[in-house]
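**Q** fold the following for me, if possible:
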Amino acid sequence: MSKSLVIVESPAKANTINKFLGSDYLVRSSMGHIKDLPSSKMGVDVEKDFKPQYVTIPQRKKMLTQLKKELAGKTNLYLAADPDREGEAICWHLAAALGEKLNVQRVEFHEITKEAVLNAFSHPRQIDMDMVNAQQARRILDRLVGYSLSPLLWKKVGRGLSAGRVQSVALRIIVDREREIIAFKPQEYWEIEAELKKREGDTKIFTAKLEKIDGKEPDLKNNKNADSIVKELEHANYIVSDVKESQKTKKPQAPFTTSKLQQEAFNKLKFPAAKTMRIAQQLYEGVGLGQEEVTGLITYMRTDSVNVSKEAIDAVRGFILKKFGRTYLPIAPNVYKSKKSAQEAHEAIRPTGVSREPSQVEKYLTPEQFKLYELIWNRFTASQMRPAVYAVMSVDILAKDKYLFRVSSTRCIFPGFSAVYPEKEEESALPELKKGEPLDLVKLSPSQHFTKPPARFSDASLIKALEEDGIGRPSTYVPIIETIVMRDYVRRISGYLYPTELGMSVTDLLIKHFPDILDVKFTAQMEGELDEIEEGKLDWVSVLKGFYGPFEKTLKKAQLNMKEIKREVIQTDEICDKCGKPMVIKWGRLGKFLSCSDFPNCRNAKSLPTGAKCPKCGGDVVQRRSKKGTFFFGCSNYPNCDYITRRIENPAKQKEEEIKPDQENIA
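**A** Residues are numbered from 1 along each chain as shown. Down below sits the predicted model:
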């Protein structure tokens with residue numbers, strides 16, 4: 001009979017670890033947290049130093065009872081949840097619920113391999129209360145804000161709405177970007193390119209761009225400006241005025257942190273952040289590799305550190321030397337610096353064994369698992385290789401002594417790390433050109449352009465912005481995005497995040513009445529204080545007191561002064577088609593809608609027109625919602641007209657992407 005019970009978070013993890021430890025250990029799963037604040041009330045006693053009122057999660061009661069039974073006759077309880085604040089808090093709750101009269105120890109490992117797990121069990125430790133308190137402080141902060149602001153939004157905007165401490169700031173970032181896009185006024189400008197060739201020898205045509213006029217950048221604002229210069233240049237002589245040859249190096253990037261993995265998986269694989277983390281979890285918890293026992297293929301995937309163990313660096317350097325040769329191996333290991341707030345005890349995301357090349361394990365993985373493993377393996381291996389080296393030639397061409405055209409070429413002369421991890425570097429070739437050499441003009445090409453507004457955020461670019469602003473941590477990026485999408489404050493359209501009218505209105509109200517809560521710098525400062533609690537530098541109760549005093553005063557003012565937009569009624573010229581009374585615009589949980597002014601006697605309600613017209617029947621295009629909960633635009637004459645579209649960005653141009661009616665369950 002086993003003497004020790006080991007508790008991890010997930011069943012998959014439990015199965016893998018059980019095989020490593022043998023019959024002296026019984027490994028079970030807690031399925032994540034067993035305790036949390038109650039869902040029916042605040043659950044925080046503000047008057048008693050913010051004492052949390054933890055309750056057992058209803059879905060975990062049966063499991064907890066089973067764990068108590070399995071502890072019978074055991075002397076040791078090992079708690080092996082994930083190596084972060086969440087994991088430490090889970091261990092703390094488990095110890096309180098199960099650990100009476102037992103030898104309770106915390107086991108921490110960053111990869112699920114036999115060697116790493118056995119090493120961790122030979123070096124157990126006590127639960128780190130600084131980490132627990134940092135997690136408690138975050139949870140209580142979020143509860144204080146969420147359970148204070150959400151009822152206020154119910155009262156002022158619509159029932160069922162909610163607000164969060166970090167999610168609301170992320171929403172503000174998206175809304176601010178949307179307002180920049182709306183306010184943006186494109187400016188016209190023109191560029192001129194010259195197609196040229198040598199008079200003798202290699203007469204391949206190449207293209208040079210007009211860069212300077214009398215030493216200044218061209219300011220061509222319209223067709224007239226461009227045409228006048230083209231006419232002047234049509235019969236000009238073109239002379240090579242300068243040829244510069246140089247080399248540039250491109251260094252490899254650090255192995256992945258959580259945010260960088262999420263960004264790169266979106267950019268290269270088109271994986272949303274949630275999908276990336278789901279697949280990474282599978283690779284971390286373990287995959288069966290034929291005759292080998294199940295083993296984790298990557299290290300822990302929630303990390304903001306770029307540190308790598310000495311053993312892993314030695315292994316990858318040996319691999320590079322054997323596979324690519326000495327010219328690809330730096331004299332000393334490449335060293336990368338983590339950001340200031342990173343947990344230095346953690347490692348970057350890397351393969352648990354660099355000798356497991358992606359091609360060797362592909363047959364054991366799903367296509368998506370393989371793609372993500374290959375990305376992680378390639379990035380880690382490349383991080384310890386030499387830089388790529390490029391030969392660069394820049395050629396200046398002068399016309400009429402004042403018009404300077406420029407063209408450059410890039411050629412790879414040593415691939416370095418890019419042999420494993422290719423990065424976008426356009427290569428181009430030019431004929432051999434010499435200073436003073438005359439060239440023949442083939443064609444001048446003026447082209448019209450317009451300045452572009454800033455791009456909307458994708459999952460990847462929003463995570464990058466959150467990380468740069470110091471908001472959120474590796475375990476929170478995905479929940480932040482998924483929460484604001486679930487609340488319909490934001491919608492994903494073709495992979496990009498569009499704020500809804502509801503999201504913009506809620507943001508405006510919160511900015512007006514809770515400027516600190518919606519302030520990026522203030523939120524980043526709170527994140528920094530949570531880090532200092534984990535480091536043992538700050539007392540968690542003092543941090544909560546410092547936050548709650550000013551917040552409570554602001555909340556009381558907002559309860560009195562925030563306008564109730566849900567009571568706003570806007571008159572329209574439209575007539576109700578059921579009773580003949582005027583229609584009005586009201587606020588609902590999902591934003592504005594048309595309602596009969598004789599409500600509740602007449603319950604006729606419609607979506608607001610978008611301004612676009614149906615190309616099939618000429619009716620108004622309105623926003624609708626499918627039975628699956630997804631949003632789309634469709635003709636107001638449905639079911640007589642079945643026209644639907646995924647999006648309308650510019651009703652005036654009406655360039656919608658049409659979809660077939662049977663692709664959605666239409667509500």
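**Q** for the stretch 201-350 of the chain, which spans come out with low pLDDT?
**A** Scanning the stretch 201-350 of the chain for pLDDT under 70 picks out the ranges 340-345.
**Q** which parts of it are strands?
**A** 206-213, 238-250 (DSSP state E, counting those that start in this stretch).
**Q** and of these, who's closest to Arg379?
**A** strand 238-250 (14.5 Å; Cβ to Cβ). (Glycine included, C-beta is placed from N, CA and C.)
**Q** buried deepest among the strands of the stretch 201-350 of the chain, which one?
**A** strand 206-213 (a mean of 18; mean count of other Cβ atoms under 10 Å).
**Q** same for that strand, what does it pack against?
**A** Packing contacts for strand 206-213, counted by 3 or more Cβ pairs under 8 Å, 6 or more residues apart in numbering; DSSP states H and E, involve strand 188-198, strand 403-414.
**Q** direction included, what does the first one pair up with?
**A** Pairing partners of strand 188-198, with direction, according to DSSP bridges: strand 206-213 (antiparallel), strand 438-450 (antiparallel).
**Q** so the shortest one versus strand 403-414, what angle?
**A** Angle between the axes of strand 206-213 and strand 403-414 is 130 degrees (criterion: axes from the mean of the first three to the mean of the last three Cα atoms, to 10 degrees).
**Q** now do the longest one
**A** Angle between the axes of strand 438-450 and strand 403-414 is 90 degrees (criterion: the same axes, to 10 degrees).
**Q** show me how far strand 438-450 is from its chain's centre.
**A** On the basis of Cα atoms, centre = their mean, to the nearest Å, the separation between the geometric centre of strand 438-450 and that of its chain is 41 Å.
**Q** buried sites along that strand?
**A** Within strand 438-450, the residues scored as buried using 16 or more other Cβ atoms under 10 Å are 439, 441, 444, 446.
**Q** hang on, the last one packs against Lys224?
**A** No. Pro446 is not in contact with Lys224 according to Cβ atoms under 8 Å; the separation is 10.7 Å.
**Q** before we move on, the earlier item: closest to Ala265 out of the buried residues of strand 438-450?
**A** Among these, and counting by Cβ to Cβ, the member closest to Ala265 is Pro446, at 40.8 Å.
**Q** just give the nearest non-adjacent residue to that closest one, would you?
**A** Nearest non-adjacent residue to Pro446, counting by Cβ to Cβ, 6 or more residues apart in numbering: Ala226, 4.0 Å away.
**Q** any chance you could map the helices in the stretch 1-150 of the chain?
**A** For the stretch 1-150 of the chain, the helices defined by DSSP state H, counting those that start in this stretch occupy 11-21, 61-70, 85-98, 114-121, 129-156.
**Q** before we move on, back to that, CSV for the helices and strands packed on strand 206-213, including mean neighbour count, mean pLDDT and distance to Glu374?
**A** Formatted as CSV, the helices and strands packed on strand 206-213 follow (neighbours: other Cβ atoms under 10 Å; pLDDT from 0 to 100; distance: least, Cβ to Cβ, whole Å):
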stretch, mean neighbour count, mean pLDDT, distance to Glu374
strand 188-198, 18, 96, 39
strand 403-414, 16, 95, 22
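**Q** nearest to Ala12, of these?
**A** Taking Cβ to Cβ, strand 403-414 is the member of the helices and strands packed on strand 206-213 nearest to Ala12, at 42.6 Å.
**Q** quickly run through the sheet partners of the closest one, with directions.
**A** strand 206-213 (antiparallel), strand 388-399 (antiparallel).
**Q** which among those is found nearest to Lys586?
**A** Of those, nearest to Lys586 by Cβ to Cβ is strand 206-213, at 55.1 Å.
**Q** and that closest one, C-alpha only, in CSV?
**A** Taking Å, rounded to 0.1, in the frame of the first residue of the first chain, the C-alpha atoms of strand 206-213 are listed here in CSV:
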residue,chain,number,x,y,z
PHE,A,206,15.6,47.5,-61.3
THR,A,207,13.4,50.0,-59.5
ALA,A,208,14.7,53.0,-57.5
LYS,A,209,12.5,55.3,-55.3
LEU,A,210,12.7,59.1,-55.2
GLU,A,211,14.0,59.8,-51.7
LYS,A,212,15.2,63.5,-51.8
ILE,A,213,14.7,66.7,-53.7
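**Q** below-threshold pLDDT in the protein: ranges please.
**A** 1, 340-345, 589-590, 610-611, 625-631, 646-667.
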